[in-house]
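Visitor: after the sequence you'll find the predicted model.
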Amino acid sequence: MSDQDHQGGKTEGQPADHAGMQGMAGHEGGQHAMTGALGPYPMAREASGTAWQPDSSMHRGIETMSGNWMLMGHGLLNFVYDWQEGPRGDEKAFVSGMAMGMAQRSFADGNVLQFKAMLSPDPFMGKSGYPLHLASGETANGVDPLIDRQHPHDLVMELSASYSVRLSDKASVFLYGGLPGEPAFGPPAFMHRQSILDSPEAPITHHWLDSTHITFGVITAGLVLDRLKVEASRFNGRELDQNRYDIETGPLDSTAVRISLNPTAELSLQASWAHLKGPEQLEPGVNQTRWSASGIYTRKLGEDGWWSTTLAWGRRSSDGENFDAAALESAIGLKDWTLFGRAEYTENNELLFLGGHHGPRFNVGKVSLGLIRDFRLGEHVKFGVGGLFALNFVPPQLEALYGGDPKGAMAFVRLKIE
């Protein structure tokens, strides 16, 4: 990547130039090679927290140099009207999105220091979030669980720092810490996965795959060996409480381990395990074990297009019971149009809350399909108009409560700065 690209301020809409970024990171005489914060590999490989995605992923953001520091930022605001059908449905208008800033410095020996901050407008939608059939997890008032609603994320989604030490041209060790931050579990958080980030709808598999992406207290240490990464975290395993504007603290009493492999530039694989101590606010004495495995495939289509697909599986275990979930999501971008879709399955015992306890297990599913058209307003600004339609599948025992297999839909406009 040329000096003009960096000083002009952005990398947008194109896969990273991998060959040009494999060299030493540094800033000498106006030259800056875009390597990852955690190791000597392309920056495009890095997603949320310390998670990896394919090297061929889109690298989004406005970039500039300030002395020895590379600064990057981007923002997204979704203005959404949400409608969920049936007796357990509802409708609501809300705003979601995120704003991210990053500062990175590379030293002459190849070591890299990075700071990241991420904010969300989600708390302004209210503590009860927005209606979403078959979603569950967390609470709005500290007493009752959220059911058929997606909780808002906290105002502060990430405040983190990392430092990596280069061991060779293909190896490094790193330390990452955040308050909040993301432990080494699962695929990248859903709003960072290229296969579904254009959808304003949260997945119903969120609390199996990536709900730990906002953790109030985490330290991760890892080893990178070329295309392989092994890492472990100690973190505060508690789910976020209903107060979405504060910074919470707690003991680092939970553990996660993840192995990631990028065998080719287009493919990223991970397998992870975590033990969480008392994660649920409404069940403080119940520990939970989670497993996850996923693969992400992303490739370029022609001169201006791309295709990205994620297949992910997760398991939650507590009190001797296992609950599985799976998601398949895919998106195709062709110039100013993006088509996206997702299919999900969960084994969920949180859809009925009986006498202060979870109800029976139900196998439920969901498919959604959406489309968005972007219009460029300026060099770094896009305005998009889109919509999605969803169909939910419930077993016969729940049909009376939901009015059959209920439908859902969202219409939205968005403002993107990158």
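Guide: Nice, I can see it. Nothing here was measured: the structure is a model prediction, and the numbers come from that model.

Visitor: what stretches of the protein score poorly on pLDDT?
Guide: For the chain, residues meeting the criterion pLDDT under 70 lie at 1-33, 355-357.

Visitor: swap in 90 and give it another go.
Guide: Across the chain, residues meeting the criterion (pLDDT under 90) sit at 1-35, 58-61, 137-145, 239-244, 248, 278-285, 302-304, 318-320, 353-359, 418.

Visitor: can you tell me the centre-most residue of it?
Guide: Centroid-nearest residue in the chain, with Cα atoms, centre = their mean: Ala189, separated by 1.6 Å.

Visitor: that residue and Glu182, how far apart?
Guide: Distance, Ala189 to Glu182, by Cβ to Cβ, to the nearest Å: 7 Å. (Glycine included, C-beta is placed from N, CA and C.)

Visitor: quickly list what's touching both of those two.
Guide: Counting by Cβ atoms under 8 Å, 6 or more residues apart in numbering, the contacts common to Ala189 and Glu182 are Ser48, Gly49, Ala51, His213.

Visitor: which one of the residues you listed is nearest Arg227?
Guide: Of all the shared contacts of Ala189 and Glu182, Arg227 sits closest to Ala51, with 14.8 Å by Cβ to Cβ.

Visitor: if we can go back for a sec, the residue nearest to the centre of the chain touches Gln53, doesn't it?
Guide: No: Ala189 sits out of contact with Gln53 when judged by Cβ atoms under 8 Å, with a separation of 11.0 Å.

Visitor: please enumerate the helices of this protein.
Guide: 3-8, 18-21, 206-209, 399-402 (DSSP state H).

Visitor: distance check, the closest residue to His213 other than its chain neighbours against Ser254.
Guide: Leaving aside its chain neighbours, His213 sits nearest to Ala189 (3.7 Å; criterion: Cβ to Cβ, 6 or more residues apart in numbering). Going from Ala189 to Ser254 by Cβ to Cβ gives 17 Å.

Visitor: what's the answer for Ala232, then?
Guide: Taking Cβ to Cβ, one finds Ala232 at 11 Å from Ser254.

Visitor: if you count what's nearby, which of these two comes out ahead?
Guide: Ser254 (26 against 16; other Cβ atoms under 10 Å).

Visitor: please name the nearest non-neighbouring residue to the more buried one.
Guide: Gly237 (3.1 Å).

Visitor: now Ala312
Guide: Ala312's closest residue in space is Ser294 (Cβ to Cβ, 6+ apart), at 3.7 Å.

Visitor: go on, Asp122?
Guide: Pro152 (3.7 Å).

Visitor: next one: Asp144
Guide: The nearest residue in space to Asp144 (Cβ to Cβ, 6+ apart) is Phe353, at 7.2 Å.

Visitor: contacts only, for the closest residue to Ala271 other than its chain neighbours.
Guide: Nearest residue to Ala271 in three dimensions, chain neighbours excluded: Ala293, at 4.7 Å (Cβ to Cβ, 6+ apart). In this structure, Ala293 makes contact with Leu269, Gln270, Ala271, Ser272, Ala312, Trp313, judged by Cβ under 8 Å, 6+ apart.

Visitor: distance to Gly305 and neighbour count for those - can I get that in a markdown table?
Guide: Formatted as a markdown table, the contacts of Ala293 follow (distance: Cβ to Cβ, whole Å; neighbours: other Cβ atoms under 10 Å):
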| residue | distance to Gly305 | neighbour count |
| --- | --- | --- |
| Leu269 | 24 | 18 |
| Gln270 | 26 | 24 |
| Ala271 | 30 | 16 |
| Ser272 | 31 | 24 |
| Ala312 | 24 | 26 |
| Trp313 | 28 | 18 |
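
Visitor: if I look at Val112, how far off is Leu261?
Guide: Distance from Val112 to Leu261, by Cβ to Cβ: 21 Å.

Visitor: neighbour count winner among those two?
Guide: Shown here are Val112 and Leu261; by other Cβ under 10 Å, Val112 has more neighbours (24 against 16).

Visitor: can you tell me how far the more buried one is from Glu63?
Guide: 15 Å.

Visitor: next: Ile259.
Guide: 30 Å.

Visitor: what does Gly142 give?
Guide: On the measure of Cβ to Cβ, Gly142 and Glu63 end up 42 Å apart.

Visitor: between the two, tell me which one has more neighbours.
Guide: Set side by side, Gly142 and Glu63 show more neighbours around Glu63, with 24 against 11, by other Cβ under 10 Å.
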